[in-house]
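Trainee: From the sequence below, what's the structure:
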Amino acid sequence: MTQTVFEEWGIHSCKDFGDIVFNMVEIELLAKTERDTREDFADGYDFDEAFRRPFLPSDQQTHRRSTTVSAPDIKL
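Mentor: I've put the predicted structure just below:
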C-alpha cells in the first residue's frame with residue numbers, strides 16, 4: 001500500500017521527499033545545516049524495488065531488476 005499512497009500524494013521518488021523536507025525548511029518547520037541540500041535526496045532508492053518487489057511471489061522477483069540502489073531490508 002505504501003507506493004499506492006505515495007503515488008496518490010504525488011510522491012514518486014526520494015527527490016519528492018527532498019522537496020517536502022526543504023519546503024518545510026523554508027517555512028521554518030524544520031531546520032538544516034549548511035551542508036544539507038535538496039540534492040541529498042536525488043540518488044535515493046527505487047520505490048518499486050523497495051515497496052513492491054519484496055511482496056511479489058518469489059517466481060516474479062527474479063524477473064525484475066533495477067539499476068538504482070535498493071532500500072535496506074527493514075524488519076518490523
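
Trainee: Enumerate every residue touching the spatially most central residue of the chain.
Mentor: Geometric centre of the chain, nearest residue: residue 14, 3.7 Å, by Cα atoms, centre = their mean. Taking Cβ atoms under 8 Å, 6 or more residues apart in numbering, we find residue 14 in contact with 41-45. Backbone N, C-alpha and C define where each C-beta goes, glycine included.

Trainee: again, but for residue 10
Mentor: Neighbour list for residue 10: residue 16 [criterion: Cβ under 8 Å, 6+ apart].

Trainee: Next, the residue of the chain positioned farthest from its centre: secondary structure please.
Mentor: Among the C-alpha atoms of the chain, the one most distant from their mean position (Cα atoms, centre = their mean) is that of residue 59, at 24.8 Å. State at residue 59, reduced to three classes by DSSP: H, G, I helix; E, B strand; the rest coil: helix.

Trainee: what about the longest helix along the chain, average pLDDT?
Mentor: Ranked by residue count under DSSP state H, the longest helix found in the chain is helix 14-26. For helix 14-26, mean pLDDT is 96.
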